[in-house]
Every structure is written in structure tokens, then in C-alpha cells.
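Undergrad: output the structure for:
(2 chains)
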Amino acid sequence: MSTGLLDPGVVRPTALARANPVAKLAVALVLAFGLLLSVDIVTAGTAVVLELALLPLAGLGALAVLRRSAVLLLAAVPVAVVSALLGVDSGAVLVDLGPISVTSGSLQTGGAIGLRVVAIALPGVVLLATTDPTDLADALAQVLHLPARFVLGALAAFRVVDVLLDEWRQLGLARRARGLGGDGLLASARDVAGRAFVLLVIAVRRAAVLATAMEARGFGAGEHQGADRTWARPSRLRPGDVVVVLVGVAVTVVSTAAGVAAGTWELVIT
Amino acid sequence: MSPLVRARGWGWRWNARRAHAVRGLDLDVEAGERVLLLGASGAGKSTVLAGVAGLLDGGPDGTGEAEGQLLLDGVPAAEARLNAVAAGRGQARTGLLLQDPQAQTVLARVGDDVAFGLENHGVPVERIWPRVEAALADVGLDLPRDHPTARLSGGQRQRLALAGVLALEPQLLLLDEPTAMLDPEGAVRLRDVVAERLTATGAGCLLVEHRVDLWVDLVDRVVVLAPGGGVLADGPTLQVLAQRGAELAAAGVWVPGHRPVPRSREGSHGVLHQNPGAATDGRLLMALEDVAVGRRGHGAAVLSAVAAQVEAGSVTAVRGANGAGKSTLALAVAGLVPPVAGRVRAGRPLVGDPAPAPSRRRWRDRRREVAPDDPARWTPRDLVARIGSVFQDPRHQFVAQTVADELAVGPRRLGLARAEVAERVEGLLERLRLDRLARANPFTLSGGEQRRLSVATALATRPRLLVLDEPTFGQDARTWVELVELLAELRDGGTAVVAATHDVELCEALADVTWWVGDGRLRVDVPARSASGR
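TA: Purely as a prediction, here's the structure:
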């Protein structure tokens, strides 16, 4: 079983897809920072358009992106709709149903918020879709020099997630076999709690065995001795990675400039 | 020259435990020696391996308290391990292989997983990959470096873990029941690879294993640990097995020449049996009609066009290689997962008379009555009354805080009177030797006790059909005999047993019918002895 969204997919190995994960992470963070400064439809809209235009460079088909970002769209649409319905009213009233009204102002705010969610999350989707978790861990440890023990521990734990999903399914079947379930909502909630507890017990046990196996192969021993661990997959920044980051910066700047030019860009400090 | 391993009065007590796991151990192991470590469960065999591996930290922030000496080449074992890492040559003193293949894989790609230990030991990158390739070749894993570890079978996974250990060129392999969770072919393959590598490298081994028969030719010395501490016997393999064979067999060790023999029990205890009249309303409990099984959302079915029947009072063994669909088929028979095609039809004797309607019947229950003969659509309450399931990992099916409560879950779901529930619980506790543990938490039991409990919970509702997935996996000889006796007794009482298993001895002892699965098909094999009618 696989987590889908986090699953590195079949991706064409384009320059962007092969860029160092840290560069892709930087792009996602730069865009997020730029877009969080203002809630306006022109900035967010321009960013989304530019991102979609650049998508082919990431080697991802539109369908693949759509499938991976399904969760994201599910979040963006309700956020937009709720903002449109309940947002601060301004401008022409379009629909009026007592407390719920849609004005051109609130509609714009709703659209802006929805687009902003998409614009910020799209680079993240691309990052996850084109990056193997192992490569990300390599880059975090070697390029950003995060502690190896922390990064590799998280990576090993990440691999166990798939195993635990399988365990979760087994637990569901086993509880049906014991005659549990099918008694309405309250019992179901208790049932889920019971399953979660057993899963936790199994996960802790599994983690202990994994930790033993890792330690037996020398993991974490270097720290006591001052000896350095080496890396089988060297990860370093190349000129291409700088280009990738610059493209990310350019998208942020162009979107913001478009917003400013249209007069919709407005700094929000909350 | 001092031996490779030297223990003198060594002992270890885990924090939060009052008793020592190991105590008073005196043991010398020379370089290149192949030692089998035996002892009853709880004698501290795994703790000895962890100690030699240098993984037990008895310091102020450690996991326990050590006493005596445990030296590797004259240096305390934990220190020896760290020194080897710091030396930067990528040579570990010892290599540890554990039982659970799934729990030992560190990384997502085969090559990366083998490289992990070399990286930790500070081997320069240009020397890592040649050693990775060599180690993979040594264990016979002919796979590309970037092959996902998630797609390996249990046997492949265990050989991968071995490759990760061998890449570090250890002088001593520490093997902790390395084949307990593998199918027979996988176990033999792993044993052969270990034997070949020990010979090629001249390394020694310290092996913990209760299936002695598989390893007896490989080891040249047997050490038997006493449960209370110290060494019970130590000497050449055949000599120790000859002198202590009976004693070891009684303690659950699978000793060659001491094959466990189930006794027949003529159903002396009534606790397992149906009401006698039940056997008269026909024998056909279940029919599989052109059934295909597979995992939902995973494309093609693993097994299709299955036509077979389950009769009352028979034992059916489902056999075949790993991944052939044994467990998936068992889930369909158990009414836990619907088939992807065809019909699993429960016969009249299994469904029984229409259940007396509970006072509050929910709409969901009524909806399910549309297909009263489809087990996958029964309510959990109906299912547990008719079919008992025993999972491969007993822990998956534990839902209560104590052993006694665990046994009461099923009967309570049936709405039985309190006295009846108590009576069934008492009977099963006694029959399965769990009475001493009635108030213990199921998760704290040993492997054999957990297995007995999981079977007992499935029997508490007295189902007419019992479905088991690898019930004897990793069990010692004593638990094995008890399971065989219990299943025979159930069969004689009219219960049908369906067991997915690799265990040849289990099949020989019990199977009336064998379902062979392979190449996406099922073949039914009825040996002559049961065709004559039992």
C-alpha cells in the first residue's frame, strides 16, 4: 500500500525533476513567503498561471499533478467558497440571503484565497512528486548539514509508514473477525481508538527492532568517537540548481509585480 | 592468545525488570567457531547476542545493568563495537541478523540499504559501491541497486539484511532465529548462503534457533543456557544433542530424532464441542464457486477460477509459495474480504437456524440479510458466531486488557448469559494452559502463549468453521504439539478447519484435503485415506 501523495511517481527526468531537493525546497519556500504577503487575486492568479506554464519542465503530466493534488483542490475549493460566502462584504451585492451574502468584494477575496492555496501548494506537490525521500534526506544532511541522526531516523521512520498502513488494514479485518464493529458511530469511534492503540504498541516494538538493527550496523556510533559518517550518494548544489532557485524567485517577483501594477497587492500583517 | 569472545560471570538485567535476563555466564568462543546457542524460552539467548554485539549499555543512561565481563578480543564488547566504527575501515567486529525480515530493512532501495552500514563506518564513497555489489552477489540477490525494498519477499528481505551485515566483513555472525519467519524454501536458501559465506570468509557464528534440524550440519558446537542462569551443557553438536535431546525437546527445541508426537485426546473436555445435534444437518459448510481473490485496487486477481468445498469435520491445508494467494484466499473463506469475482456461499449447517432477532435490530443488519449465505456481508456478530479466524500475528486480534477478558469478548457479543460466558472462559483457560495468566495483559505474553490465546479467542464462540493463517509460524515444538492436538480434537468434534500453512509436518499430521495454490490457480488434492470416509 502506498501513501499516494508522497509516492515518487513515474516522472520524466527533466532538469527540474533532477534538481537538488534542497533547491526545489527553496523554490517552494520562496513562493510561499512571497504569496503569504498579500491576499489578492492578481498576484495569486499570476503565480498559478506561471506555475502551470512551468509544470512541463518538472516532467509531470497534467493528469499526474491533478491526481496528486486532489487533496489540495478539495481543500482549496471549500476555503474559497466559505470565504466568498462569509467574507467581509464590499462592493456590489450579487446574492443576498440574509446573513449570507455574496458581494463582488467577498467573491474576490474567496477567489484570491483559493488561488493562493493552490499557488503555494503546487510547488510542494511537484517537490514531493519528483523527489525520492532518500534523496531529500541526503540533501538535507549533506547540503543543509542537518544532523545525520535526525535525518536518517526520520527517513527510516518514513519507510515504516507504509508497513503500518498495512498493519492498520490487518487490524481492521481482525476486529471484524472478533465480532467487533457495525454498532453505530460511538462504537466505531471506540473501535478506531482500540485499533490505534494496538498499532502504537506494534509500531513501538517495530521501531525498537529497527533501532537495534541500525545500531548494530554502526548507526550513531560515530558521534561518540568523533568519526564522520560518509555518504554513498553525494548530494551537492550544481549551477542548474541555482537556475531553478532563480526561476522560483522570478515567478514570485513577477506575480507580486503584477499585483502591484494592478493595484490589488496589499501587505497583510496579521 | 585470548579467544574472540570471552564471558566471565556475565549477567544483564533490563531496567524495569527485577530478574536478570542472563546471569553467571562463562563462555569462550574462538575465532571461526560455529556455535549453536540453545535454551528454553526466557533463558536469555537473544540478550547474549545483543551483549556480544556490543549493543547493551550498562552506563548511567543505559538500558540496564551489567555484571561480570563480556570481552571481544580482550576489549569490552560495547567498546569494541565503537572502536571498529571509528577505525574507518568499514569492518565491524560482529554482524547481527534478527528474526523479523520486515523490521530490519532501513532504506527504500536495495543498494542503499546495504550501503547503510558502510556509510556509518565511514567508508569512502568510491569504495562503498563495489562492496555493496559484492555483498548483494554473495547472498544471491540478483537485483538492480535501485530495486525498491518494499517489493521483496520475506526470504529476499532476510538475505538483503544479511548482505548489509556481510558488507561489513564481520568476524562473527550473530544470528537470532534468522529463519523463524521464512517459508521452507526461503529458510533453506538463507541457511545455504550463511554456510557458504562462513566457509568463504572464515568467520564464525553464534546462532540462536529452535529449529535445530535445519542448522545441525552447519554448527560444530552447542551451548545450552540454563533458564536460571549459567550454562547447562557445552560440547560438540552431536554429543550434546544425544545427551540432552529429550530434555531440550521437552523445553520446546526442535531436536532431530525427537520429533514431537501429538497424542490423540478423544475429546475428553467438552469445552470445544458443538451441541451433538449440529452434525446431522449436512456436512457442506462452504462452497467456493468460480471465486477470484486479490487485493482491491491492485489490478489482477492473484488467484482465480477457484472451485472448492469445505466440509464439516475436515482439515483443509492451503499450501503454495509465498505470494501465491494463500492468505488472501483464507480471508475470503473467513468472510473478512469479499472475493473480487465469483461467490463464497455458506452452507445451511454453517449459517444455522435464523438467529433470534435481537431486540434492537439496526437497518444495516437488515440490509445485510439480503444475502444470508454470503459471509463477507454478515454482521460482525453473526460472523463471529459462525467462523473463527486466527491471524498470523496474534497481536492483531487482541482487543482486551486481560487474557480472561479477551476470551469473553466473543461470547459476550453472542449475548450469552454471564454464567455461560464465565464457564466458557474458564474452560478455555484451563484447556489451553492459560489459567495462570488470566489477569495478564495479552501483549505481555510470550510468542507461544499469544498463539494459544489467539486460537482460544476464536474458539470461544464455538464456530463451526475455524480459519487459521500460518498458525505454527515461529512456534516452538511444545506449542506446535498442543496446536496439532487441539485442531485434531476440534475436527473430531465436527468443526471444519482451514489452515493456510507452509508447515509440512502440520499437513502430514492433520490435513484431510490440500488446496495447492500456484500460478493463479487452485488444485484440490484429497489423499486416499480420507476419501474412504472418516
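
Undergrad: and the nearest residue to B:His502 once chain neighbours are set aside, what does it touch?
TA: Across the structure, with C-beta to C-beta, 6 or more residues apart in numbering or on different chains as the measure, the residue nearest B:His502 apart from its sequence neighbours is B:Asp183 (4.5 Å). C-beta: built from backbone N, CA, C; applies to glycine. B:Asp183 is in contact with B:154-155, B:321-322, B:502, counting by C-beta atoms under 8 Å, 6 or more residues apart in numbering or on different chains.

Undergrad: got phi/psi on B:Asp183?
TA: When read as degrees, to the nearest 10, the backbone of B:Asp183 gives phi -80, psi 170.

Undergrad: tell me the spacing between it and B:His147.
TA: Counting by C-beta to C-beta, to the nearest Å, the gap between B:Asp183 and B:His147 amounts to 21 Å.

Undergrad: so what's the residue in the stretch 151-270 of chain A positioned nearest to chain B closest to, chain neighbours aside?
TA: The nearest approach of the stretch 151-270 of chain A to chain B comes at A:Gly179, 3.0 Å away (C-beta to the nearest C-beta). The shortest distance from A:Gly179 to any residue other than its chain neighbours is 3.0 Å, reached at B:Val384 (C-beta to C-beta, 6+ apart).

Undergrad: is the one you found in contact with A:Ala174, as I believe?
TA: No. Under the criterion of C-beta atoms under 8 Å, B:Val384 makes no contact with A:Ala174, lying 11.5 Å away.

Undergrad: count of neighbours near the residue of chain B found nearest chain A?
TA: Per C-beta to the nearest C-beta, B:Val384 is where chain B lies closest to chain A, at 3.0 Å. Other residues within reach of B:Val384, judged by other C-beta atoms under 10 Å in any protein chain shown, total 27.

Undergrad: now B:Ala242
TA: Counted with other C-beta under 10 Å, residues neighbouring B:Ala242 total 13.

Undergrad: give me the three-state assignment for it.
TA: The three-state label for B:Ala242, taken from DSSP: H, G, I helix; E, B strand; the rest coil, comes out as helix.

Undergrad: need the contact list for it.
TA: Contact partners of B:Ala242, counting by C-beta under 8 Å, 6+ apart, are absent.

Undergrad: I'd assumed B:Asp492 was in contact with B:Val315.
TA: No. Using C-beta under 8 Å, B:Val315 is not in contact with B:Asp492, being 10.3 Å away.

Undergrad: which one's more surrounded, those two?
TA: Here B:Val315 and B:Asp492 are compared on neighbour count by other C-beta under 10 Å; more neighbours surround B:Val315, at 23 against 16.

Undergrad: could you tell me which residues make contact with that one?
TA: Applying C-beta under 8 Å, 6+ apart as the definition, the contact partners of B:Val315 turn out to be B:487-488, B:491, B:496-499, B:510-513.

Undergrad: go again with 7 Å.
TA: By C-beta atoms under 7 Å, 6 or more residues apart in numbering or on different chains, the contact list for B:Val315 reads B:487, B:491, B:497, B:510-512.

Undergrad: for B:Asp503, same thing?
TA: Residues touching B:Asp503, when contacts are defined by C-beta under 7 Å, 6+ apart, comprise B:Thr472.

Undergrad: ok, B:Asp57 next?
TA: Applying C-beta under 7 Å, 6+ apart to B:Asp57 gives the contacts B:63, B:78.

Undergrad: do B:Asp290 as well
TA: Contact criterion C-beta under 7 Å, 6+ apart gives B:305, B:307, B:342 as the residues in contact with B:Asp290.

Undergrad: following the chain onward from the helix or strand encompassing the first one, which element is next?
TA: Using DSSP states H and E, B:Ala305 sits in strand B:303-311. Past strand B:303-311, further along toward the C-terminus, the next helix or strand under DSSP H and E is strand B:315-319.

Undergrad: direction included, what does that next one pair up with?
TA: In the sheet containing strand B:315-319, its partner strands are strand B:496-500 (parallel), strand B:513-518 (parallel), by DSSP bridges.

Undergrad: with just CA atoms, put it into PDB.
TA: Only the C-alpha atoms of strand B:315-319 are listed here, as PDB (Å, rounded to 0.1, in the frame of the first residue of the first chain):
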ATOM      1  CA  VAL B 315      -9.000 -30.300   8.000                       C
ATOM      2  CA  THR B 316      -8.100 -28.400   4.800                       C
ATOM      3  CA  ALA B 317      -4.500 -27.300   4.300                       C
ATOM      4  CA  VAL B 318      -3.900 -24.400   1.900                       C
ATOM      5  CA  ARG B 319      -0.400 -24.700   0.600                       C
END
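
Undergrad: pLDDT of it, averaged?
TA: Here the mean pLDDT over strand B:315-319 is 95, rounded to a whole number.

Undergrad: taking strand B:303-311 as reference, get the angle to it.
TA: 160 degrees (axes from the mean of the first three to the mean of the last three C-alpha atoms, to 10 degrees).

Undergrad: off-centre distance for strand B:315-319?
TA: Centroid separation between strand B:315-319 and its chain, computed with C-alpha atoms, centre = their mean, to the nearest Å, is 18 Å.

Undergrad: cool, and stretch B:88-102?
TA: With C-alpha atoms, centre = their mean as the basis, the distance from the averaged C-alpha position of stretch B:88-102 to the chain average is 22 Å.

Undergrad: for that stretch, which residues meet the burial criterion?
TA: B:88, B:90, B:92-102 (16 or more other C-beta atoms under 10 Å in any protein chain shown).

Undergrad: what of stretch B:151-166?
TA: Taking 16+ other C-beta under 10 Å as the basis for neighbour counts, the residues of stretch B:151-166 that come out buried are B:152-166.

Undergrad: and what of stretch A:164-180?
TA: Residues of stretch A:164-180 classed as buried under the neighbour-count rule (16+ other C-beta under 10 Å) are A:164, A:167-168, A:170-180.

Undergrad: taking those together, which two end up most distant?
TA: Taking C-beta to C-beta, the two most distant members of those are A:Leu164 and A:Gly179; they sit 24.5 Å apart.

Undergrad: next, count neighbours for B:Asp192.
TA: Under the neighbour criterion other C-beta under 10 Å, B:Asp192 is assigned a count of 12.

Undergrad: can you check B:Ala21 too?
TA: As a burial measure, the neighbour count of B:Ala21 was computed by other C-beta under 10 Å and equals 21.
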